[in-house]
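*Asks:* could you look at this predicted model? Sequence included:
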Amino acid sequence: VLVDWRPAMAAEGLSSRICVKGLPKRCDERRLREHFELRGSEVTDVRVMRTREGKSRMFGFVGFRTPEQAEEARSYFSRSFIDTSRLEIEMAKSRGDSELARPWSRHSKGSSAYARTHPEAAQAAPEGAQGALSGGGEGSGSAPSRLGKPDAPRPDPKAKDAKL
């Protein structure tokens, strides 16, 4: 009788995958798999993340049979090298994990920078979400939003004749 252990492990928050950062530009899935199979653990899947143009984003994921094997590989291969690139390894987190960093890029939906560069997306968002994305609004007690409101020019504090 085969028992699938993955749902139980997912419920406990344990991951059988690791995130490998700092890969060389020319590292592919085959080479990454060979590197992590040196220790003798069973690698189930490997993925090097790429841009739409096919260029490596210089990080990837390696999956193992059990979370224990993933943790052992993380501790063993942490700070190891492929070519001259030192690898940084951490346990992979799922996309919706609350421990993930908040999006900050102007290209990431959900970031305040995205809301400033895409005002139509901020207007389409619910009223509560729009205030959170734009940094507050009228009467929120925070700094005024810069969406559509140009500020008056400020004097240069480094100028010799600047009056503060």
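*Replies:* Sure thing, it's come through. Residues are numbered from 1 along each chain as shown.
*Asks:* wait, doesn't T117 sit right on S105?
*Replies:* No: T117 is beyond contact range of S105, at 10.2 Å (criterion: C-beta atoms under 8 Å). In this view, the C-beta of every residue, glycine as well, is placed from N, C-alpha and C.
*Asks:* which pLDDT value goes with the residue lying closest to R65 once chain neighbours are set aside?
*Replies:* Of all residues not flanking R65 in the chain, E42 sits nearest, at 4.6 Å (C-beta to C-beta, 6 or more residues apart in numbering). We have a pLDDT of 91 for E42.
*Asks:* could you measure from E42 over to V20?
*Replies:* 17 Å (C-beta to C-beta, to the nearest Å).
*Asks:* what sits against S56?
*Replies:* Residues near S56 by C-beta atoms under 8 Å, 6 or more residues apart in numbering: 23, 25-27, 48-50.
*Asks:* just the buried residues from those residues, in PyMOL please.
*Replies:* Here is the PyMOL command that selects the buried residues among the contacts of S56 (16 or more other C-beta atoms under 10 Å):
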select buried, resi 23+27+48
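*Asks:* tabulate the contacts of S56 (TSV), appending distance to R65 and pLDDT.
*Replies:* Converted to TSV, the contacts of S56 look like this (distance: C-beta to C-beta, whole Å; pLDDT from 0 to 100):
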residue	distance to R65	pLDDT
L23	22	96
K25	29	94
R26	28	93
C27	23	94
V48	20	96
M49	22	95
R50	26	95
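*Asks:* pull the most distant pair out of the contacts of S56.
*Replies:* R26 and M49 (14.4 Å; C-beta to C-beta).
*Asks:* still on that earlier bit, just checking, the residue nearest to R65 touches F64?
*Replies:* Yes: assessed by C-beta under 8 Å, E42 is found in contact with F64 at 6.7 Å.
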